[in-house]
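Visitor: Fold the stuff below for me.
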Amino acid sequence: GVRLIALDLKDLGRVDEESLVPFGKDEGRNYAVDVAGNALWFGNARLWFKHDIKTRQHLAEIHASHDIGTLIPSERILLGLTDKSLAGWMQLFDSNGKELADTRNDECGFVQSRLSPDGQFGVAVCDRTGLGEARFGETIQRRAVVFDASTLKVVASIPISRNVIKERGPDRADFWIAIPTPALWHGNSRLLLAVPGFPDSISVYTIALDK
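Guide: Numbering: from 1, shown residues only. Got it, this is the predicted structure:
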């Protein structure tokens, strides 16, 4: 299941609350925490279920058109991301799981995304991963795809660093890989996009919007 831990904000070494939410039968092993923090989405492929954390009550379902590898909840919408190494889909749902729009990218697969603070636009990281023997598992291309969060219409697509940061913990099994995570702000008729360029730089782009 999913182990939930609440930390004391003044002492991060102290656990205020800890609980385990078990996976239900046939609900998959992928999960996402609802933005309000009181519910969990469990899912696999095209079917996802939303449950209240405390009562375990069934709240909503997603029946997607395409497999969802990563689900990203926000205040008003849900984004479903699909990574097929050489291509991918992004799907848009309302807070109850109703599908509103989808878009396909034939150049790379979507691996992560975030919205601007006002929720009107988003930026997704899109990776093209090698499948041939010579470059299997290698990131051949990585792009920051900027999109309208109400329609998924692509506003801009910008190449970004293919580098990663690898971190290891005290246990041999503790291993993490971090990729560049862009940030996006929506201003008056323009977007401001900040992209980390590992190991120690940040590139900033201004994207003009149609009036």
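
Visitor: Quick one: residues contacting the most centrally placed residue in the chain.
Guide: In the chain, the C-alpha nearest the mean C-alpha coordinate belongs to residue 112, at 3.5 Å (Cα atoms, centre = their mean). The contact partners of residue 112, taken as Cβ atoms under 8 Å, 6 or more residues apart in numbering, are 70, 72, 81, 124-125, 179, 181. C-betas here are computed from N, CA, C, even on glycine.

Visitor: same thing but at 7 Å, please
Guide: Each residue near residue 112 by Cβ atoms under 7 Å, 6 or more residues apart in numbering is listed here: 70, 124-125, 181.

Visitor: Work out for me the element it sits within.
Guide: strand 109-115 (DSSP states H and E).

Visitor: And residue 125, by the same measure?
Guide: Element membership of residue 125 [criterion: DSSP H and E] is strand 121-129.

Visitor: Can you check what angle separates that strand from strand 109-115?
Guide: When axes from the mean of the first three to the mean of the last three Cα atoms, to 10 degrees is applied, the directions of strand 121-129 and strand 109-115 differ by 160 degrees.

Visitor: For strand 121-129, enumerate the helices and strands it packs against.
Guide: strand 109-115, strand 139-148, strand 183-187 (3 or more Cβ pairs under 7 Å, 6 or more residues apart in numbering; DSSP states H and E).

Visitor: What strands flank it, and is each parallel or antiparallel?
Guide: Under the criterion DSSP bridges, strand 121-129 sits next to strand 109-115 (antiparallel), strand 139-148 (antiparallel) in its sheet.

Visitor: Tell me the pLDDT of residue 49.
Guide: In this prediction, residue 49 carries a pLDDT score of 93.

Visitor: picking up where we left off before, how distant is the strand holding residue 112 from the center of its chain?
Guide: Its chain's C-alpha centre lies 4 Å from the corresponding centre of strand 109-115 when counted by Cα atoms, centre = their mean, to the nearest Å.

Visitor: Alpha carbons of that strand, as CSV, please.
Guide: What follows is strand 109-115 as a C-alpha-only set of coordinates in CSV (Å, rounded to 0.1, in the frame of the first residue of the first chain):
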residue,chain,number,x,y,z
GLY,A,109,6.9,10.5,-24.0
PHE,A,110,5.6,12.7,-21.1
VAL,A,111,7.3,11.9,-17.8
GLN,A,112,6.4,14.9,-15.6
SER,A,113,4.4,18.1,-15.6
ARG,A,114,3.5,21.2,-13.5
LEU,A,115,1.1,24.1,-13.9
